[in-house]
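Student: A predicted structure for the sequence below; I have some questions about it.
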Amino acid sequence: HLATSLPLPSERDHLRPRIDLIVFMIDIKSKYSLKNVEGSLAYVDASFFLGKVCFLVTGVGSVNYCSIDTNAICKLGETYCSPVLFCELELEGIRVATAQRLLRMLRICAGLIPGVSALSFGLLMRKSADD
């Protein structure tokens, strides 16, 4: 399911499935994109930041057109203890690899991978980013 911002409308709460993973998409070419994500973060329960939130940064192949400093996005990931994935949607190989990575993350967050929790996976992601 996709939403352009949070909070989600409450009129369909009874029909909404359980939320296992929240992916905040940030278009590096749009300052509005980052502002929208920053505004939406206030509506996410703190427990979701324990392995069930990630930031997906798109448009990274267009370095000449960047409106957002990548350090600001990395700082956002650090602040919310959530991984940051960089992706160029224009390149099919990278797009497919990113989609597969997100699906693996979703399977972990949904509890479909025995022995791996969203929290432990989140810690592994942070550790690999630090190395």
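Tutor: Perfect, I can see it now. Residues are numbered from 1 along each chain as shown.
Student: list the contacts for V116?
Tutor: When the contact criterion is Cβ atoms under 8 Å, 6 or more residues apart in numbering, the partners of V116 are I108. For every residue, glycine as well, the C-beta is placed using N, CA and C.
Student: can you check the pLDDT for it?
Tutor: The predicted structure scores V116 at 83 on the pLDDT scale.
Student: and L123, by the same measure?
Tutor: Per-residue confidence at L123 stands at 68 (pLDDT).
Student: excluding sequence neighbours, find me the nearest residue to A42.
Tutor: L6 (8.0 Å; Cβ to Cβ, 6 or more residues apart in numbering).
Student: before we move on, what SS does that neighbour have?
Tutor: Of the three states, L6 takes coil according to DSSP: H, G, I helix; E, B strand; the rest coil.
Student: ok, it touching D45?
Tutor: No. When contacts are counted by Cβ atoms under 8 Å, L6 is not listed as touching D45 (10.8 Å).
Student: out of these two, which sits in the more crowded spot?
Tutor: In this view L6 and D45 are compared by other Cβ atoms under 10 Å, and L6 has more residues nearby, 15 against 9.
Student: wait, what's in contact with the more buried one?
Tutor: Contact partners of L6, counting by Cβ under 8 Å, 6+ apart, are G39, S40, L41, A42, Y43, V44.
Student: likewise for L34?
Tutor: With contact taken as Cβ under 8 Å, 6+ apart, L34 is in contact with I26, I68, A72, I73, L76.
Student: which among these count as buried?
Tutor: By the neighbour-count criterion of 16 or more other Cβ atoms under 10 Å, those include these buried positions: I26, I68, I73, L76.
Student: pLDDT score for the third one?
Tutor: What the model reports for I73 is a pLDDT of 91.
Student: strands of the chain, start to end?
Tutor: If you assign secondary structure with DSSP state E, the strands in the chain sit at 22-27, 53-58, 84-87.
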